[in-house]
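Trainee: Can you look at this prediction? I've put the sequence above it.
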Amino acid sequence: MNNSNRQPAASDNLAFRAALARGLVSRRSAMMGAAGLSAAAFLAACGSEGRNPTTPATGGTGATSAAPTAKAAQDLSDTEKIVNWSNWTEYIDVTDDGKSRPTIDAFTKETGIKVNYTEDYLDNDEFYAKVRPLLEGGQDTGRDVWCSTDWLVARLIRQGYVQKLDLANIPNAGNLEDSLKNVEFDPGRVYSLPWQSGFAGIGYNLKATGGKKIESITQLLTDPALKGKVTLLTEMRDTVGLVLLEQGKDPASFTDADFDAALEMIQQAKDSEQILKFTGNEYTDGLAKGDIAACVAWTGDVVQLQFDDENIQYALPEKGFTIWSDNFVIPAMAQHKKNAELLINYYYDPKVMAEVAAWVNYIPPVKGARDELVKIDAELGENPLIAPTPDVLSRAHVFRGLTPDEETKYNRAFQSIVTG
């Protein structure tokens, strides 16, 4: 999400930096400073630079220079009424019995296109490792569309692994929040459109913590009462970003030394056996059962769990937390590109996106969706994790854009802790 062409005033510098960084950072903040903002403004910043945007000057991960053209297959959409969609778990509306997905069913009824929906996206790096060999070999991944965090979208564009969107098939793209239309990693939204945005903070189960609130990263990583029952995310930018903030550093402008200090804090927690493991968003099951007492978690996941158990709580650390966006992209060699674009168009209807937001509880990027959400559930429409308040936004931060060399170096160092 990117407003990178807009020069920020001193009062909205945080929003601008956010916009400049998380195309990632994750994602997915143009937080208009002291004046306070709406969720749309927050999203703007989120879109500013993606979960992991970059600038031409640093040779970062953004897509500001001409990207290689993705290979295209013969589009079978007109003869094969199917679309294959990979997404994160618990990231779409479902019926109470869990057997169907209402908005997908409605799309199929409206268009005649069957959606093969697969929840096989647990972590950006893991998913990329799964599809990269096929993309490198110029082969069909078996998927027509998926939702990647900003920084991975930047990489996919740079490598020529995602196709340009045909907006003639996505007229509802005009409903995208204005602040998200010109992100650094994808100026003009040529290759991507946001699916959802949210925060990374701390989730905890009061039954497993003995009734204790867990409200800081230091407490999470050092409280003896949590030993062996803490998980961190395999998403480096969220986990390290939260630790950087705990140490008084800004994820949008840290140094190698700052990064190393954050890793040292994580390593110490692992060595002391405070940390049970590192996870993608499969942590939800353990948190609900109490096997995990507290963890670094994404907002929407925890809000969903709270509907079933009031002991599940969420904290946005006072020292700050990270923001992210996930985005629709169509991979090279997708067999049903037009059908994927029609699917995206369907979800950019404010009423449809509101139905999704009412279930997934993340921040929708579509104009009018919040008003529609209030009609569905007024309480959700006022939830600061879904419609962030100025105070919440003032503590949100993005992880700065990384150069390819930095991305390799930092990921290697972080993974040595995760897998070591």
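Mentor: The structure has been received and is ready for your questions. Numbers count the residues shown, from 1 in each chain.
Trainee: residue contacts, the nearest residue to Asp186 once chain neighbours are set aside?
Mentor: Nearest in space to Asp186, with sequence neighbours left out and distances taken as CB to CB, 6 or more residues apart in numbering, is Ser192 at 5.0 Å. C-beta here means a position set from N, CA and C on the backbone, and glycine is covered the same way. By CB atoms under 8 Å, 6 or more residues apart in numbering, the contact list for Ser192 reads 153, 157, 162, 165, 186, 327-329.
Trainee: for Ser192, phi and psi?
Mentor: The phi/psi pair for Ser192 (degrees, to the nearest 10) reads phi -140, psi 160.
Trainee: these two touch, right, Ala354 and Asp377?
Mentor: No: using CB atoms under 8 Å, Ala354 makes no contact with Asp377, being 9.4 Å away.
Trainee: more crowded one of those two?
Mentor: Ala354 (23 against 14; other CB atoms under 10 Å).
Trainee: so that one is in which element?
Mentor: helix 350-360 (DSSP states H and E).
Trainee: after that helix, next one along is what?
Mentor: helix 369-376.
Trainee: and the closest residue to Ala70 other than its chain neighbours, how many residues sit next to it?
Mentor: In this structure, Ala70 finds its nearest non-sequential neighbour in Ala332, 3.8 Å apart by CB to CB, 6+ apart. As a burial measure, Ala332 scores 24 neighbours (other CB under 10 Å).
Trainee: what sits against Ala332?
Mentor: Here Ala332 is in contact with 70-72, 135, 138, 160-163 (criterion: CB under 8 Å, 6+ apart).
Trainee: Kindly present those as JSON lines, with separate columns for secondary structure.
Mentor: Putting the contacts of Ala332 into JSON lines (DSSP: H, G, I helix; E, B strand; the rest coil) gives the following:
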{"residue": "Ala70", "secondary structure": "coil"}
{"residue": "Lys71", "secondary structure": "coil"}
{"residue": "Ala72", "secondary structure": "coil"}
{"residue": "Leu135", "secondary structure": "helix"}
{"residue": "Gly138", "secondary structure": "coil"}
{"residue": "Gly160", "secondary structure": "coil"}
{"residue": "Tyr161", "secondary structure": "coil"}
{"residue": "Val162", "secondary structure": "strand"}
{"residue": "Gln163", "secondary structure": "coil"}
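Trainee: And the pLDDT for the nearest residue to Leu167 once chain neighbours are set aside?
Mentor: Take Leu167 and drop its neighbours on the chain: the residue closest to it by CB to CB, 6+ apart is Ala173, 5.4 Å away. Ala173 is assigned a predicted lDDT (pLDDT) of 98.
Trainee: for this structure, what's the longest strand?
Mentor: Ranked by number of residues, the top strand in the chain under DSSP state E is strand 193-205.
Trainee: Now do the buried residues in the helix or strand containing Ala288.
Mentor: Using DSSP H and E, Ala288 sits in helix 283-289. Residues of helix 283-289 classed as buried: 283-284, 286-288 (neighbour count, 16 or more other CB atoms under 10 Å).
Trainee: where does this protein dip in pLDDT?
Mentor: Scanning the chain for pLDDT under 70 picks out the ranges 1-65, 179, 390.
Trainee: Tell me where it has strands.
Mentor: In the chain, the strands defined using DSSP E lie at 82-88, 114-121, 145-149, 193-205, 230-233, 275-279, 294-298, 312-315, 321-329, 396-397.
Trainee: I'd like these laid out as a markdown table, including mean neighbour count and distance to Ile214.
Mentor: A markdown table is the format used below for the strands of the chain (neighbours: other CB atoms under 10 Å; distance: least, CB to CB, whole Å):
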| stretch | mean neighbour count | distance to Ile214 |
| --- | --- | --- |
| strand 82-88 | 22 | 24 |
| strand 114-121 | 16 | 27 |
| strand 145-149 | 27 | 25 |
| strand 193-205 | 27 | 4 |
| strand 230-233 | 25 | 9 |
| strand 275-279 | 21 | 14 |
| strand 294-298 | 28 | 4 |
| strand 312-315 | 20 | 6 |
| strand 321-329 | 31 | 13 |
| strand 396-397 | 26 | 19 |
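Trainee: hang on, Thr234 packs against Asn411?
Mentor: No: using CB under 8 Å, Thr234 is not in contact with Asn411, being 10.5 Å away.
Trainee: Mutual contacts of these two, please.
Mentor: With CB under 8 Å, 6+ apart as the test, Thr234 and Asn411 both reach Asp125.
Trainee: And these two? Which one has more around it.
Mentor: Thr234 (22 against 15).
Trainee: distance between the ends of stretch 277-295?
Mentor: Terminal residues of stretch 277-295 are spaced 10 Å apart (CA to CA, to the nearest Å).
Trainee: right, I mislabeled it, should have said stretch 140-152
Mentor: Using CA to CA, first and last residues of stretch 140-152 are 19 Å apart.
Trainee: and if you look at stretch 287-301?
Mentor: Where stretch 287-301 begins and where it ends lie 10 Å apart, using CA to CA.
Trainee: now that stretch, how far from the centre of its chain.
Mentor: 17 Å (CA atoms, centre = their mean, to the nearest Å).
Trainee: shift numbering so it begins at 37
Mentor: Yes, from this point I'll number from 37; that puts the last item at stretch 323-337.
Trainee: how many neighbours does Asp294 have?
Mentor: For Asp294, using other CB under 10 Å, the count is 18.
Trainee: Please, where are all the helices along the stretch 187-336 of the chain?
Mentor: 253-258, 272-282, 292-307, 319-325, 335-344 (DSSP state H, counting those that start in this stretch).
Trainee: For the first one, C-alpha coordinates in CSV please.
Mentor: Put plainly, it is helix 253-258. In CSV, the C-alpha atoms belonging to helix 253-258 read as follows (Å, rounded to 0.1, in the frame of the first residue of the first chain):
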residue,chain,number,x,y,z
ILE,A,253,7.2,-8.6,24.4
THR,A,254,9.5,-8.6,27.3
GLN,A,255,6.9,-10.3,29.4
LEU,A,256,6.2,-12.8,26.6
LEU,A,257,9.8,-13.7,26.3
THR,A,258,10.9,-13.7,29.9
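Trainee: and for that helix, what are the contacting residues?
Mentor: Residues contacting helix 253-258 (CB under 8 Å, 6+ apart): 238, 250, 262, 266, 278-279, 281-282, 301-302, 304-305, 310-311, 330-332, 353, 355.
Trainee: 10 Å instead, please
Mentor: By CB atoms under 10 Å, 6 or more residues apart in numbering, the surrounding residues in contact with helix 253-258 are 237-238, 240, 245, 248-250, 252, 261-262, 266-268, 275, 278-283, 298, 301-302, 304-306, 308, 310-311, 329-332, 351, 353, 355-357.
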